[in-house]
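K.L.:
Sequence plus the predicted model coming up.
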Number of protein chains: 2
Amino acid sequence: MFEYDILATDGAARIGRFHTPHGIIPTPIFAPVGTAATVKAMRPRDLAEMGADLVLSNTYHLYLRPGDELVRDMGGLHEFMQWKKPILTDSGGFQVFSLGDTRKIDDDGVTFKSHLDGSLHRFSAETSIKIQENLGADIIMMWDECADPNDYDYQRYSLDNRTHPWALRCIDAKTRDDQALFGIVQGGVFQDLRIESAEFLAKLDLPGYAIGGLAVGETKREMYQTLDWLNPVMPANKPRYLMGVGTPEDLVNGVLRGVDIFDCVLPTRLARHGSAFTLGGRLNMKNKKFERDETPLDPTCSCETCRTFSRAYLRHLVKSNEILGHILLSIHNVHFLLELMRQMRVAIAEGRLNAFASDYLAHYPLPE
Amino acid sequence: MFEYDILATDGAARIGRFHTPHGIIPTPIFAPVGTAATVKAMRPRDLAEMGADLVLSNTYHLYLRPGDELVRDMGGLHEFMQWKKPILTDSGGFQVFSLGDTRKIDDDGVTFKSHLDGSLHRFSAETSIKIQENLGADIIMMWDECADPNDYDYQRYSLDNRTHPWALRCIDAKTRDDQALFGIVQGGVFQDLRIESAEFLAKLDLPGYAIGGLAVGETKREMYQTLDWLNPVMPANKPRYLMGVGTPEDLVNGVLRGVDIFDCVLPTRLARHGSAFTLGGRLNMKNKKFERDETPLDPTCSCETCRTFSRAYLRHLVKSNEILGHILLSIHNVHFLLELMRQMRVAIAEGRLNAFASDYLAHYPLPE
């Protein structure tokens, strides 16, 4: 279990197969996010039809509602949400640390107020692992601190007194053999801290490693730079997961730098705001110019939405705030990222990822 | 075109096939409502998979947004919403007359304010037909007045000066041969007016007839009584459509009394409020008692929702206000009514509708 077979490489990029109790995760892969045990506006069969192989769910949200013990008693997350392929849960840390003034962090854990009813709760390494064991995902994440990426002193303190000690406590707390616990490299935008964190965690010989604390306030250049530092340091024979990322250009830049797994709420969140991915940019489907546009949302796309409906109809749905608008744009946006990952897998297999990436990224110029 | 073949009868009930440009409508049938050119939270393929054969759309809503001329220019409603089976549009009257103080009725038509932006508009027989021709449904409805069913004097005046003269104007205004114009019998809860209206319209030899002005304030007993009066008077060789009805027990009582076509927003509206049809009553899926209920919503139901998900999961989705909750309950509720119609078609074919109905209606006792 949890072997990672690397089938091909192309520069830093790899094609792999990560073995889990619910099947093989082909990499590089994008995981749609099902925060509350549902990828918003999508049925499990919709996700399966478009070739999703991994879904992420949020520990913080499920702990609060419906409760991780309830999910456990209902047979675990796969049975509860009827998604029978692999699932990854985060540690809950990112959501809790994002609560702002209503949470209080110490070296043991964090006390926070529920965003639902204001009730007081406490998470620690042991709590996070216990909840994730109740939820029963195939991949679970260590409890880490997601701190300001630009504050060196805080990052230094956090690595030594929180993220690294907490990693050890997570390993101790873990009781299930059918879940892969991934470590999370922290250290902000600082090369020495990132390398130190990666090396510390590598020694623990975990089945996979995430890169945390990115896409939270640093620039894209800093994100890519951090990946470049980490590529030679992170264990080559373990899957690498860039948490909370996201945009088409970040997926390409991540794969180029050896990242295997991504997740992000962006495709479904954009959909609910009436926005659709296309190569090089997003279409705001509320735009008047689509009012009488009989062409598909994206003529190059093979998703059900683009195969079936016109821009004029999608605009009407979005303007009318119809649920079907959310459904159809979610299908398109998630499919768009899954298809990009498939194209990159093929490009890696054929040894032409650099050419693919430079063509693709020409549509996404980096801001100066 | 627009032949109505009656294949079998059982008492007043009939099995029929109504021929339209977009295929045959098997009767008795329930039509889900797609107000704004979408049955809320459902894709056309979802509807097709569960065996829907007719969808209703609302002229008032589509006239205001996106506009009937836009729909026409996009190829008509079937093309616009990608529903390739038969569609029925109402006249717009019911919605306009429901606007209350913001509309002004006279013997020629009605002036009203848009619920979207307050702008002033006017509908008449000619406007309604023109809009419905632009939308391009297979069945279109005459422009009638939907008045207080309990006010004899108003109903008398309305038949003589509005509904009946407007029927003649609709026939004159109609230019398309590929749309069936249905007449609408009015007259409230009054036997003489209902019979007079049915006889007046029957002479016009329209391809189908609706019973309007019910389910708007009269009791269920009055509704069924009205159907009993009309059954011997309405042309037996034309489909009969009971507008805006709705509940499982009303569908059974309607079919028993010779009704062939029904439509209602109820299944999708209930779904969005977290409520699900079951035999004999509705389940409020927010109810705490479903919190850990691993059984299907309705163990006797063959819909995708009941085949796939637990009550505990559905409750979680509804409590969390997740779009997937709306989707899955809409699938169940629409399927529930479609399946009831299928069961009644079989019962009629086998000459046992009375037995079926009395078993079924035992679960729905009439209030005293």
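P.N.:
Good, I have the coordinates. These figures come from a predicted structure and were not determined experimentally. Residues are numbered from 1 along each chain as shown, chains lettered A, B, ... in the order given.
K.L.:
got any ranges where the stretch 201-350 of chain A has weak pLDDT?
P.N.:
Under the criterion pLDDT under 70, no range of the stretch 201-350 of chain A is flagged.
K.L.:
can you map out the strands along it?
P.N.:
A:208-211, A:240-242, A:261-264, A:275-278, A:281-284 (DSSP state E, counting those that start in this stretch).
K.L.:
Show me what the fourth one packs onto, helices and strands only.
P.N.:
Read that as strand A:275-278. The contact analysis (3 or more CB pairs under 8 Å, 6 or more residues apart in numbering or on different chains; DSSP states H and E) places strand A:275-278 against helix A:266-272, strand A:281-284, helix A:323-349. For every residue, glycine as well, the C-beta is placed using N, CA and C.
K.L.:
out of the ones you listed, nearest to chain B?
P.N.:
Proximity to chain B (CB to the nearest CB) singles out helix A:323-349 among the helices and strands packed on strand A:275-278, at 4.2 Å.
K.L.:
Give me the angle between the closest one and helix B:323-349.
P.N.:
Inter-element angle recorded for helix A:323-349 and helix B:323-349: 110 degrees (by axes from the mean of the first three to the mean of the last three CA atoms, to 10 degrees).
K.L.:
now check helix A:323-349, is it near chain B?
P.N.:
Yes. Using CB under 8 Å from any CB of the partner chain, helix A:323-349 comes into contact with chain B via A:323-324, A:326-328.
K.L.:
Now neighbour count too, for these, in JSON lines please.
P.N.:
Below are the residues of helix A:323-349 next to chain B laid out as JSON lines (neighbours: other CB atoms under 10 Å in any protein chain shown):
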{"residue": "A:323", "neighbour count": "20"}
{"residue": "A:324", "neighbour count": "28"}
{"residue": "A:326", "neighbour count": "24"}
{"residue": "A:327", "neighbour count": "28"}
{"residue": "A:328", "neighbour count": "28"}
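K.L.:
Closest one of those to residue B:80?
P.N.:
Residue B:80 has its nearest neighbour among the residues of helix A:323-349 next to chain B in residue A:324, at 12.5 Å by CB to CB.
K.L.:
List the contacts of the closest one.
P.N.:
A:317, B:38, B:40-43 (CB atoms under 8 Å, 6 or more residues apart in numbering or on different chains).
K.L.:
Now with 10 Å, please.
P.N.:
Contact analysis of residue A:324 by CB atoms under 10 Å, 6 or more residues apart in numbering or on different chains lists A:41, A:309, A:313-314, A:316-318, B:34, B:36-44, B:46, B:81, B:327.
K.L.:
And the residue of the stretch 101-250 of chain A closest to chain B?
P.N.:
Using CB to the nearest CB, the single residue of the stretch 101-250 of chain A nearest to chain B is residue A:116, 9.5 Å away.
K.L.:
For burial, what's the neighbour tally of that residue?
P.N.:
Counted with other CB atoms under 10 Å in any protein chain shown, residues neighbouring residue A:116 total 10.
K.L.:
how close does the closest residue to it other than its chain neighbours sit to residue A:216?
P.N.:
Nearest residue to residue A:116, sequence neighbours excluded (CB to CB, 6 or more residues apart in numbering or on different chains): residue A:64, at 5.6 Å. Going from residue A:64 to residue A:216 by CB to CB, to the nearest Å gives 22 Å.
K.L.:
neighbour-wise, which of those two wins?
P.N.:
With neighbours defined as other CB under 10 Å, residue A:64 and residue A:216 compare such that residue A:64 has more, 20 against 17.
K.L.:
quick one: the more buried one and residue A:119 touch, right?
P.N.:
Yes. With contacts counted by CB atoms under 10 Å, residue A:64 reaches residue A:119, the gap being 8.6 Å.
K.L.:
Okay, and the beta partners of the residue most central in space within chain A?
P.N.:
For chain A, the residue nearest the mean C-alpha position is residue A:263 (1.7 Å; CA atoms, centre = their mean). Applying DSSP bridges to residue A:263 gives these bridge partners: residue A:31.
K.L.:
contacting residues for it?
P.N.:
A:29-33, A:54-56, A:88, A:90, A:210, A:241-246.
K.L.:
just residue A:273 next, same as before
P.N.:
The neighbours of residue A:273, taking CB under 10 Å, 6+ apart as the test, are A:282, A:284-286, A:318, A:326, A:329.
K.L.:
Can you name the residues that contact residue A:5?
P.N.:
The neighbourhood of residue A:5, defined by CB under 10 Å, 6+ apart, consists of A:15-19, A:24, A:27, A:237.
K.L.:
For it, give the beta-bridge partners.
P.N.:
With DSSP bridges as the rule, residue A:5 is bridged to residue A:17.
K.L.:
Need the pLDDT of it.
P.N.:
Reported pLDDT at residue A:5 in the predicted model: 98.
K.L.:
quick one: it from residue A:161, how far?
P.N.:
Noted for residue A:5: a distance of 37 Å to residue A:161, by CB to CB.
K.L.:
do the same with residue A:208
P.N.:
24 Å.
K.L.:
same question, residue A:119
P.N.:
28 Å.
K.L.:
More neighbours: those two, which one.
P.N.:
For residue A:119 versus residue A:161, neighbours defined as other CB under 10 Å are more numerous around residue A:161 (14 against 9).
K.L.:
So that one is in contact with residue A:145, correct?
P.N.:
Yes. Using CB under 10 Å, residue A:161 makes contact with residue A:145 at a distance of 9.0 Å.
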